[in-house]
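Visitor: Provided below are the primary sequence and the corresponding predicted coordinates.
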Amino acid sequence: MQAQPTTFQQTPCLRLVGRDGATALVALHGAHVLSWIPADGRERLFLSARAHYGAGTAIRGGIPVIFPQFAGRGALPKHGFARTTPWRLVGVSDRATFELVPGATSAAWPHAFRARLHVGLDAGVLTVALEIENTGAHEFAFSAALHTYLAVTDLDAVALHGLAGRRYEDSTAGGAVRQQTTAELRFNAETDRIYVAPLHPLSLHDGPHRLRIDQHGFADTVVWNPGATLAAGIADLAPGEHRRFLCVEAGQVLEPVHLPPGGRWSGMQRLG
Ligand SMILES: O=P(O)(O)OC[C@H]1O[C@@H](O)[C@H](O)[C@@H](O)[C@@H]1O
């Protein structure tokens with residue numbers, strides 16, 4: 001894999017090029033994958049036309065890294081600080097590795113940790129892996145997710161397969177626990193579900209296109225689209241843009257990880 005530093009929207013990034021010509025763009029801000037274009041030239045990740053890229057902001061689209069808190073399930077800012085903090089590039093081999101260690105933005109979470117994100121490009125496949133290490137003397141607990149915004153041509157033509165019979169917490173209904181009865185999930189209103197340990201792979205059907213979604217290490221899968229009403233109130237989404245993505249997130253949400261001193265945890269999501 002080749003890599004060159006570049007900028008996008010005045011944000012320092014790394015542009016990755018795989019052996020088959022596939023590309024990915026990763027911002028150091030958040031170690032945030034902004035784009036993945038396999039060799040066929042079709043972008044697979046959604047990135048909002050109104051995304052903000054400044055210090056301390058969360059970029060709307062791509063693959064935000066959620067750590068150490070999911071959503072508002074704790075005292076930290078929503079979805080934690082990893083997505084709003086600059087990471088550093090460690091190096092590039094067959095994958096690019098980025099690192100985050102405690103700093104000013106994590107002061108509200110007083111634990112010694114090392115987070116690493118590895119991004120790999122293989123033929124037709126994007127692999128993103130998150131590793132958390134406890135570098136301190138005390139156990140800590142965390143949640144995490146790869147909050148992937150998958151680009152779709154139109155939400156009406158989209159169905160997610162692989163969740164039949166699975167239990168989920170419905171965040172649009174105060175966390176009520178439900179079971180999916182249909183073979184496919186379609187999206188005509190706000191959807192915000194945390195599926196408990198679903199089987200993988202899932203398959204995203206977008207008209208004639210198919211995307212395989214696989215995960216390891218992460219116990220849960222979050223499926224999110226704000227729907228038209230909620231989207232209208234999201235300042236960094238352009239009108240109608242909610243129809244252009246579906247978030248399928250590899251997450252460790254319902255059971256936080258308890259990491260002892262010296263302990264390591266890793267989770268990955270594979271698309272393709
Ligand atoms: O707007 P944010 O902070 O990026 O969050 C987006 C969504 O992220 C999802 O993971 C959550 O399940 C939703 O509840 C949330 O609204």
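Guide: That came in fine, so what should we check first?
Visitor: got a list of what the closest residue to the ligand within the chain touches?
Guide: Taking C-beta to the nearest ligand atom, the ligand has its nearest neighbour within the chain at Trp224, 4.2 Å off. All C-beta spots, glycine's among them, are computed from the backbone N, C-alpha and C. Going by C-beta atoms under 8 Å, 6 or more residues apart in numbering, Trp224 touches 191-193, 246-247, 249.
Visitor: Intersect those with the contacts of the ligand.
Guide: 192, 249 (C-beta under 6 Å from any ligand atom).
Visitor: If we only consider the contacts of Trp224, which is nearest to Leu25?
Guide: Cys247 (18.7 Å; C-beta to C-beta).
Visitor: who does the residue of the chain closest to the ligand bridge with?
Guide: Assessed by DSSP bridges, Trp224 has beta-bridge partners Asp192, Cys247.
Visitor: Quickly note the distance from it to Leu211.
Guide: Distance of Trp224 to Leu211, computed by C-beta to C-beta, to the nearest Å: 16 Å.
Visitor: try Ala173
Guide: Counting by C-beta to C-beta, the gap from Ala173 to Leu211 is 28 Å.
Visitor: of these two, who's got more company?
Guide: For the pair Ala173 and Leu211, the greater number of neighbours falls to Leu211 (19 against 11), based on other C-beta atoms under 10 Å.
Visitor: Excluding sequence neighbours, find me the nearest residue to that one.
Guide: Leu204 (4.3 Å; C-beta to C-beta, 6 or more residues apart in numbering).
Visitor: Please check which residues sit opposite that neighbour as beta-bridge partners.
Guide: Counting by DSSP bridges, Leu204 forms beta bridges with Leu160, Leu211.
Visitor: How many neighbouring residues does it have?
Guide: Neighbour number of Leu204 under other C-beta under 10 Å is 22.
Visitor: dump the residue contacts of it.
Guide: Listed by C-beta under 8 Å, 6+ apart, the contact set of Leu204 reads 150, 152, 158-161, 210-211, 213, 246, 248.
Visitor: if we go to 7 Å?
Guide: Neighbouring residues of Leu204 by C-beta atoms under 7 Å, 6 or more residues apart in numbering: 150, 158, 160, 210-211, 213, 246, 248.
Visitor: try Gly124
Guide: Gly124 sits next to 38, 272 when contact means C-beta under 7 Å, 6+ apart.
Visitor: pLDDT score assigned to it?
Guide: For Gly124, the model assigns a pLDDT of 95.
Visitor: What's the separation between it and His209?
Guide: For Gly124, the distance to His209 equals 12 Å [C-beta to C-beta].
Visitor: do Ile132 as well
Guide: Relative to His209, Ile132 is positioned 33 Å away (C-beta to C-beta).
Visitor: do the same with Ala232
Guide: Counting by C-beta to C-beta, the gap from Ala232 to His209 is 27 Å.
Visitor: Val17 too?
Guide: Note on Val17: its distance to His209, by C-beta to C-beta, is 23 Å.
Visitor: For this protein, which segments count as helices?
Guide: Applying DSSP state H to the chain gives helices spanning 227-231.
Visitor: Up against the ligand, what does it have?
Guide: 58, 71, 78-79, 147, 171, 192, 222, 224, 249.
Visitor: Could you export these as CSV, including distance to Gln2 and pLDDT?
Guide: Listed next are the residues of the chain next to the ligand as CSV, based on distance: C-beta to C-beta, whole Å; pLDDT from 0 to 100:
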residue, distance to Gln2, pLDDT
Ala58, 29, 98
Ala71, 36, 98
Lys78, 36, 98
His79, 31, 98
His147, 27, 99
Ser171, 40, 98
Asp192, 38, 98
Val222, 33, 98
Trp224, 33, 98
Glu249, 29, 98
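Visitor: hang on, the earlier thing: and Ile132 and His209? Which one has more around it.
Guide: Using other C-beta under 10 Å as the criterion, Ile132 and His209 rank with Ile132 on top: 23 against 14.
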